[in-house]
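Novice: whatever this is, show me its structure:
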Amino acid sequence: MTATRRVVRDGDRAVLVGTVVRTSVRPSTGVGVADDTGPGPVLPELDYPPISVVVPILGPAGHAQTWEELIGRRLRVRGTWTSEGIVCDPTTGDVAPLALQPEAEPVRVAGRELRTPGHATARAIEGPLFESGDLIWRVPFSRDGEPVVLVAAHDKAAVEDRLRQLHGDALHVVQSPWTREEYLRADRFGERAEAQGLLISVEQGLDLDDGVVRYVVRLTALTDQLAAEYDALPAGLARLETLVAPDAPGLSDGPG
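Specialist: Next up, the predicted model:
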């Protein structure tokens, strides 16, 4: 499915899921729907300024009191998307809260923490590889009680040769399926979304299953221009998520 199917345009029916908060954006009912899928908490008692994580609700003035009563609740909101990026005359439905994610524990093997890049030896060996771009990502963890250092690289041979002396048999190097330039294109996609005030977050991480570094880009909404740029990225390099989606079968379920 191309990203174009997820574009919302002026006058389209749209849907979003989030927590109702106060917002100082005008015109609006004085409330908005905040993205609540990120690592930080949503604070309904605050008055949120115009930022990409909050979609202001615009509706008849008589509905303002009703919206005030909904502050702090997690809702699925349906309405009409306007050129100002506001959902009008909405209908709502409660959505189950997101499950809390446990905090990550330090990685330990046989009662000790695995070596991290903070050690002087690691910095001296790995630093130049990170700077050159040959080394993309490095994650130490434990598998079946044994230490593993999983590394994603643009130049597998060069990285393996240098890091073997540091990590020994624990080292596992994976050649990236994408080039440096393709990763830079994903970076620029996020930068353009930010310039348009639509970027909520960009996360980059290494998949422990296959050792490949991928992006997750979350936007307030998707425009035609950004959809075309996203579709031009290599398949699988970045996953796209949006707070606002077209209210259409298969596209409107939203997170949660």
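Novice: what ranges do the helices span in the stretch 1-150 of the chain?
Specialist: 64-70, 120-132 (DSSP state H, counting those that start in this stretch).
Novice: which other helices and strands contact the last one?
Specialist: Read that as helix 120-132. Counting contacts by 3 or more C-beta pairs under 8 Å, 6 or more residues apart in numbering; DSSP states H and E, helix 120-132 is packed against strand 135-143, helix 156-167. Every C-beta, even on glycine, is put in place using the N, C-alpha and C of the backbone.
Novice: any idea of the mean pLDDT in the last one?
Specialist: Across helix 156-167, pLDDT averages out at 92.
Novice: number the chain from 529, please
Specialist: Right, with 529 as the first residue, what we last looked at is helix 684-695.
Novice: and it, how far out from the chain's middle?
Specialist: 31 Å (C-alpha atoms, centre = their mean, to the nearest Å).
Novice: which other residues reach it?
Specialist: 643, 649-650, 653-654, 657, 662-663, 677, 679, 681, 699, 701-703 (C-beta atoms under 8 Å, 6 or more residues apart in numbering).
Novice: and it, what's buried?
Specialist: For helix 684-695, the neighbour count (16 or more other C-beta atoms under 10 Å) marks V687, E688, R690, L691, L694, H695 as buried.
Novice: cool, and the shortest one?
Specialist: Within strand 663-671, the residues that qualify as buried are L663, I664, W665, R666, V667, P668, counting by 16+ other C-beta under 10 Å.
Novice: tabulate those residues (CSV), appending pLDDT and distance to V772.
Specialist: Output for those, formatted as CSV (pLDDT from 0 to 100; distance: C-beta to C-beta, whole Å):
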residue, pLDDT, distance to V772
L663, 90, 37
I664, 89, 32
W665, 87, 31
R666, 86, 36
V667, 85, 33
P668, 86, 38
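Novice: those: which two are farthest apart?
Specialist: I664 and P668 (15.2 Å; C-beta to C-beta).
Novice: re the thing from before, hey, least reliable of the helices of the stretch 529-678 of the chain by pLDDT?
Specialist: Lowest mean pLDDT within those: helix 592-598, a mean of 71.
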